[in-house]
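**Student:** have a look; sequence and predicted model below, questions after that.
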Amino acid sequence: MNIAFNRRRFLGLMGAAATLPMMGRVARAATPFNFQASWINDAEFSGYFVAVDKGYYAEEGLDLTYLSGGPDVIPESTIVAGKADLTLTTPDTTIKAIVEQNAPFKIIGAQYQKNPIGIVSLAKNPIREPKDLVGKTLAVPPVNVISVEAMLKISGVDRSQVNIVPYAYDPTPLIKGEIDASLDFTTNVPFTIKQAGEEATSFLLYDFGFTIFNDTVVVTEETLKAKRKEIVAFLRASRKGWEENLKDPAVYPPTFADSWFKGTGRSIENEVYFNTAQKPLIESAGGIFSMSEEAIEANIKALAAVGIVAKREHFDTTVLEEV
């Protein structure tokens, strides 16, 4: 359990415990469980923050340690090294590691049913679909080049006709007109661009054939075998947190201003925008984290377009059946 969580839960439980008769106080040791997030604290992880603050993990018997991600954190490495029990990844990197390096990973859920990454451009110089990229300069983070190449291939656009340059998650070159578009989270960057006095337009790679999940929930085969009960408990508490968070995406971000979001340099208005924009990409008829057979097949097909041989056995839906 991290220190902040300990303190919040301790103060809350002290008040509750005082109202209970002595005979009713039954101690239960919580089980340690480490969760590695895929990025720094922002609205992308609001559902987990709600679950911590509401005590949902504690109710499931978990002593959760939340590990923030960042540019220097490779989520898959943390579970291989035993630093975390469960993490969030992109399915392309995870399955590539399984296929090419025999990495012992299982994808057991998906936070985003639709990957939020997309092509962002300025409204005054709009790029609305892949064919509009011909002859343009597109900035792409190195880790996402493979995804863009897949979208171009699926859309029938010759890769050589697009000038792809490195991108470091900073829309300033786009705002200054130094590039024509960038690949980024469509749930977030348009807000930043508007704050700089410009309007943005965007489209999802998902909507042009690169039909993959994002923030896939990944564990090692060994952890799945040894801690299945705890993994089910984590997913149950996390789903509850996400459902509560998405009831009204404007409610919880302000409550995180002095805790989860403190020191990030981002405004609460930005986080509300992010939380609102991601709602339709997360919610699913099968429940938060679900992976339908149709969606899994769409992932396998999209990854095949870039030479990644994903198989149905890389996805394990049996854990969610127990949530």
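**Tutor:** Ah, there it is. Numbers count the residues shown, from 1 in each chain.
**Student:** helices along this structure, start to end?
**Tutor:** Along the chain, the stretches classed as helices by DSSP state H are 3-18, 46-53, 56-59, 75-80, 91-101, 145-154, 172-175, 189-195, 221-226, 228-247, 268-282, 293-304.
**Student:** what is the third one packed up against?
**Tutor:** Contact partners of helix 56-59 among helices and strands, from 3 or more Cβ pairs under 8 Å, 6 or more residues apart in numbering; DSSP states H and E: strand 62-67, helix 228-247. C-beta: built from backbone N, CA, C; applies to glycine.
**Student:** in that helix, which residues are buried?
**Tutor:** For helix 56-59, burial by neighbour count (16 or more other Cβ atoms under 10 Å) applies to 56-58.
**Student:** nearest to K83, of these?
**Tutor:** Nearest to K83 among the buried residues of helix 56-59 is Y57, at 18.2 Å by Cβ to Cβ.
**Student:** tell me which of the helices of the chain sits most buried.
**Tutor:** Of all those, helix 46-53 carries the top mean neighbour count, a mean of 24, counting by mean count of other Cβ atoms under 10 Å.
**Student:** centre of the chain to that helix, how far?
**Tutor:** The chain centroid and the centroid of helix 46-53 are separated by 14 Å, computed with Cα atoms, centre = their mean, to the nearest Å.
**Student:** what's the average pLDDT for it?
**Tutor:** Helix 46-53 carries an average pLDDT of 98.
**Student:** also stretch 192-206?
**Tutor:** Mean pLDDT, stretch 192-206: 96.
**Student:** before we move on, what about stretch 120-138?
**Tutor:** Averaged across stretch 120-138, the pLDDT comes to 98.
**Student:** now do that stretch: everything it contacts.
**Tutor:** Contact partners of stretch 120-138, identified using Cβ atoms under 8 Å, 6 or more residues apart in numbering, comprise 119, 148, 151-152, 155-158, 161-165, 171, 174-175, 177, 179-184, 186, 189-190, 193, 198-203, 208.
**Student:** which ones among the residues you listed lie within strands?
**Tutor:** Mapping the contacts of stretch 120-138 onto strands (DSSP state E) picks out 119, 163-165, 181-184, 200-203.
**Student:** just put these in a markdown table and tack on neighbour count and distance to D215.
**Tutor:** Shown next, in a markdown table, are the ones in strands among the contacts of stretch 120-138 (neighbours: other Cβ atoms under 10 Å; distance: Cβ to Cβ, whole Å):
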| residue | neighbour count | distance to D215 |
| --- | --- | --- |
| I119 | 27 | 20 |
| N163 | 13 | 29 |
| I164 | 17 | 24 |
| V165 | 12 | 26 |
| A181 | 26 | 23 |
| S182 | 26 | 20 |
| L183 | 24 | 17 |
| D184 | 27 | 15 |
| A200 | 24 | 23 |
| T201 | 18 | 24 |
| S202 | 24 | 19 |
| F203 | 19 | 20 |
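**Student:** which one of these sits closest to Y66?
**Tutor:** Using Cβ to Cβ, the ones in strands among the contacts of stretch 120-138 come closest to Y66 at D184, 24.4 Å.
**Student:** and the closest one, what does it touch?
**Tutor:** Per Cβ under 8 Å, 6+ apart, neighbours of D184: 117-118, 120, 167, 169, 171.
**Student:** one more time with 6 Å
**Tutor:** Counting by Cβ atoms under 6 Å, 6 or more residues apart in numbering, D184 makes contact with V120.
**Student:** from I117, how far off is it?
**Tutor:** Distance, D184 to I117, using Cβ to Cβ, to the nearest Å: 7 Å.
**Student:** now do S46
**Tutor:** As judged by Cβ to Cβ, S46 and I117 stand 18 Å apart.
**Student:** any stretches of this structure with poor pLDDT?
**Tutor:** 1-28 (pLDDT under 70).
**Student:** the same query, at a cut-off of 50, please.
**Tutor:** Within the chain, the stretches with pLDDT under 50 are 1-27.
**Student:** just want the most central residue of it.
**Tutor:** Nearest residue to the geometric centre of the chain (Cα atoms, centre = their mean): D215, 3.5 Å.
**Student:** as a markdown table, the helices and strands packed on helix 56-59 with distance to S284 would be great.
**Tutor:** Shown next, in a markdown table, are the helices and strands packed on helix 56-59 (distance: least, Cβ to Cβ, whole Å):
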| stretch | distance to S284 |
| --- | --- |
| strand 62-67 | 23 |
| helix 228-247 | 11 |
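**Student:** out of those, nearest to L86?
**Tutor:** Taking Cβ to Cβ, helix 228-247 is the member of the helices and strands packed on helix 56-59 nearest to L86, at 6.3 Å.
**Student:** that concludes my questions; thank you for your assistance.
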